[in-house]
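**Q** Kindly generate the corresponding structure for this input.
(3 chains)
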Amino acid sequence: MEKLYNFLPAFIKEFYNNHFLAYPLIIKVAYVGIFLTFFVTMFCYLLVFTRRVVQASVNKKAEKWKAEIENILTNSIIAFTSEDYTDEHIIEITENLKKLPLKKRLVRQLIINELIFLHRNFSGKVNTLISRIYTSLELQKHSQKKLRSWRWFNKAEGIAELGEMGIQESAGDFLQYVNSRNITLRMQAQSGYLQASQTDPFVFLDYTNQNLLTFHQINLMDILNRNKDIKLPVFSKWFTSANDSVVIFCIRLTVRFHQIDSVKDLLRLFNHPNEEVRKEVITAVGDLSLVDLEQHLTIHFRNETQECRLEIIKTTGKICSGDSLNFLSDLVFNTDFSTRFEAAKALKRHGEMGEERLFRLLETVPEENKSVVLHMLDTKLSA
Amino acid sequence: MQEIWNSVIVNYNHFVFFFASSIMLWYLIISLISIREILLYKRKNSFIDFKKLLSSPYTPAISIVAPAFNEGKTIISNVHSLLSLQYPRYEVIIVNDGSSDSTLVKLVREFDLVKVDFAYHEHITTGPIRGIYKSTNLAYSKLIVLDKENRKNKADALNTGINIASNPYYVCCDVDCIIDNQALLKLIKPVIDEEKRVIANGAVIRIANGCDVEQGFLVNVKAPKNFLTSIQEVEYLRSFLLGRMAWSKINGLIIVSGGIGLFDKKVAIAVGGYDTKSFGEDMEMTVRMRKYMNNLRIDYQVKYIPESLCWTEVPPNLNIFIKQRVRWTKGLVQTLLDHRKMWFNSKYGRLGLISFPYWIFYEWLAPLIEFFGLLIYVYLIVCGLINIEYSLLLLAFVFSYAVMITTVSIIWEEYTNQVYKSKKEIFQLLMVVFLEPFFYHPLIILSSIKGNLSLMFSTGHQWGDMGRMEMEAPAQLVLSETVSQKTDSNGLPVENYKLAKNPAQTFKTDPVPNSLT
Amino acid sequence: MKKSRILVIEDENLMNRTIEFQLKKDGHEVDTALDGKTGVAKIEANYYDLIILDIMLPYLNGLEILAKIKQNPERRDIPVIIISATGLEDTVLEGFKLGANDFITKPFILPEFSIRVKRLLMLK
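**A** Presented below is the predicted three-dimensional model:
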């Protein structure tokens, strides 16, 4: 402190000794405050200016590299759409890419980004070609380094890259994060594992004790939709999971992949304590068009919650067996608007026989219930 | 006597001093929290592909509810832009609030609308509706136009829109706002990737004055040129970027703006929709939704995302500006008073112990305290009871502090989003910061006092009527300024609605917290 | 044989370029647009034998463009292939209802894509 004091110019020393020390505390604080805020403000100005300048030059370079990378990649991809590629071809492409300054992190990242984009958008031969380019440039090392970072977002990014490119050797490292409290890292770990593990891609569902959020499920579904060669287990295996979100997800997967053999297990879930799970089961019955279970649903209708009741009505509309026409017609008389609306809608989905019912209902339902019937009969609304 | 008077003044002075210090400290804390939160948000979303949401059947469906009153000039392009947002499943509900211009006719013609037998049900009680229209053109199957009688009340229009919304979430926005193409995707994201249930989610509102807009699309973001609008841009940035983000972090946000906001429809209906008697129905609604969830003891969140998703026109002249702020003040005070049972009430957790005290002291009372402080200041100077050097120093400190906080918010926006293309625009905004405390801040105080007075001189029961009068008054005022005296038998202008808007409705995003004291 | 003219409307630059390259390699003449508005302007100004359309476009939704094409009596007969990341039933159905001739979901196989294009051109 004393040293600092000695460095100060004379007039400041003079000011400090003769004026500053004599001020009341409040004024001292104000003085210091003014200087501090002034410096912070100036620092901000400097920051914005330098950032603009630096950013502009980096962007310019990045643009240039990006264009080159795109050029090489598009040309090489198109070259192999009609003929098979060989190891020599891969070497040729990598040689071309190696002409770029690969030592620069930015360049490597740009290449990875472009490869990931192509990997996501094209399936078939191109897809495997992209993965081969990635590994032969040894870019997985770049991604694996991120995995070792102490910052969660670097880890998540690394997992995303390794997962997308299907680097199996890293899959084991992802498992430790599937229960992370960080929602994003958890999501990346799950989807990364699903993509990278070739032996048992769904094993992470055994370990997950955290909530499998909707966004996580969307992500996993997206991966399954894109990668047709992921080995699918029988999902009813997890119907007994203690984690309700896993149960829901597996019901959805059962529907998605038409695992009709799991119906027995699905049936058992009708009595699940969690409303959401039951609702999902009801939805599944409709999506799988399980005609045999329709009766079961309408019998359970009375004991269900409002949410599940509406779902049952929708399900009968999806199945359209014609067995529930009386059930639905009665519901159009219901005092609850949503119930009668969904019931009329379900009738409408029954096609001609439903429409006939609706016309008949038009004459019998009370005045205030008519609106839903008219809504369904309006041909302009059905478009 | 004189002694008592003096001691009152001195004590008040001390009180003002501590009050001001606490505000400054508060802003510092809030800024730091916000900066951290924004950084976290950016990181979280940097490598997530929003387009995944587009191809999933599990992305929740959304209804956009946009009330329109006399928007004939821009309605077509705005609806087109709403129809082309990126989202897998959504509907656009335009509530024509009994426009007296060609709004409905234009909509019907452009989108091939026909009246349909839509089963309208009043989940929330509203004014009468005249008809519901849908397009015969498949490309516009997302569009529903609801025609209702004009109640000069945005809350009522929103409620009717909610009544016909068929999806579990709704986004309310002003039809004349420009909405970002990915707005729905970004608004729904917190709903599906937070552990707690998200009942409402808001986003940054920016100023469209001066931006290049083409057919309802934002082509170029530009800083406003007009002084008043520039200052408002600065103020919006500060309050949205620095203020709201921190409130979202501590889950104490009590306002999700009417400019753009996503709400859980079930909760909105359960609490009875927007209050038609309120001047600030968006804030009032958020408070009521929170209260409802608290009473049910369900864990929930009100979120806020640091993305500029909505561009709105703000008052370009003083007259309308003051009217807008007076309304905001009234809406704020009204909401606070309506819910006075929640004040300092530990039953409502952070809401009662942090949010309400903040809004009461720093948003409602601060301008009043400041005003009296200034009066006393003048008195002290006149009486020569004050050390001029010291007080100037203190003022300089407050000034430099205010400048710093605002500068940080602008720089932070520049750092994270970089919407402005040229350096010049940024520096122009930065210059405005220095002038704000002198020219703009007094205006805020003035309107705040005006708002408080106008509320005080109307008894509680008349608030509702006041609301309607208040909404009518500026409309007539603007009309008489801009429209030729051609009127029909009802005294309404026949045509040539130059500023065919009700400014009270148009400039009704939501109160931006007052600036520093 | 005369070269066929194809318009690609797709907002992702790399995707756009890859499709363009592939089509050029197949011997077609290719024009591109990176957003809906430019796309519509090009459709109105020139005649194309085939249009490849992404659904999620800035400024103008792909389905809206499709409706525009099918409403225009002079352009109605141009076959349209829709490319989309959305495999959602509703969107696919809506696309076909509006008169799309083919629907391809991302990710897709490039050779398959070029065969689909050839087939549509031959049908025409």
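**Q** Residue B:371 touches residue B:449, doesn't it?
**A** Yes. Assessed by CB atoms under 8 Å, residue B:371 is found in contact with residue B:449 at 6.0 Å. Every residue, glycine included, has its C-beta placed from N, CA and C.
**Q** secondary structure element for the residue nearest the centre of chain C?
**A** Computing the C-alpha centroid of chain C and ranking residues by CA atoms, centre = their mean puts residue C:52 first, at 1.1 Å. Counting by DSSP states H and E, the element that carries residue C:52 is strand C:50-54.
**Q** Return the list of helices and strands in contact with that strand.
**A** strand C:5-9, helix C:62-71, strand C:80-84, helix C:110-123 (3 or more CB pairs under 8 Å, 6 or more residues apart in numbering or on different chains; DSSP states H and E).
**Q** Among those, which comes closest to chain A?
**A** Evaluated with CB to the nearest CB, the helices and strands packed on strand C:50-54 place helix C:110-123 nearest to chain A, the distance being 4.4 Å.
**Q** and that closest one, average pLDDT?
**A** For helix C:110-123, the mean per-residue pLDDT is 88.
**Q** how about low-confidence regions in chain B?
**A** Scanning chain B with the threshold set as pLDDT under 70 gives B:47, B:421, B:459-517.
**Q** okay, now the domains of it?
**A** By the record's domain assignment, chain B is partitioned as B:1-28+B:200-517, B:49-193 (automatic domain parsing).
**Q** Can you name the secondary structure element that comes next after the helix or strand harbouring residue B:291?
**A** In this assignment (DSSP H and E), residue B:291 forms part of helix B:281-296. From helix B:281-296 onward toward the C-terminus, using DSSP H and E, the following helix or strand is strand B:300-312.
**Q** just the angle between that next one and helix B:281-296, please?
**A** Per axes from the mean of the first three to the mean of the last three CA atoms, to 10 degrees, the angle that strand B:300-312 makes with helix B:281-296 is 170 degrees.
**Q** Which residues of the stretch 51-200 of chain B lie near chain A?
**A** Within the stretch 51-200 of chain B, the positions adjacent to chain A are B:52-53, B:55-56, B:58-60, B:114, B:116-121, B:123, B:134, B:136, B:138, B:141, B:189, B:192-195 by CB under 8 Å from any CB of the partner chain.
**Q** Of those, which are in range of chain C?
**A** B:55-56, B:138, B:141.
**Q** if I look at residue C:3, how far off is residue B:214?
**A** When distances are taken as CB to CB, to the nearest Å, residue C:3 and residue B:214 turn out to be 35 Å apart.
**Q** quick one on the thing from earlier: quick one: buried residues of the helix holding residue B:291?
**A** By 16 or more other CB atoms under 10 Å in any protein chain shown, the buried positions in helix B:281-296 come out as B:281-294.
**Q** Using the three-state scheme, assign the nearest residue to residue B:68 once chain neighbours are set aside.
**A** Using CB to CB, 6 or more residues apart in numbering or on different chains and skipping residues adjacent in sequence, the residue nearest residue B:68 is residue B:175, 4.3 Å away. The three-state assignment at residue B:175 reads coil, by DSSP: H, G, I helix; E, B strand; the rest coil.
**Q** residues near residue B:175, how many?
**A** Here the number of neighbours of residue B:175 (other CB atoms under 10 Å in any protein chain shown) works out to 25.
**Q** This completes my enquiry, with thanks.
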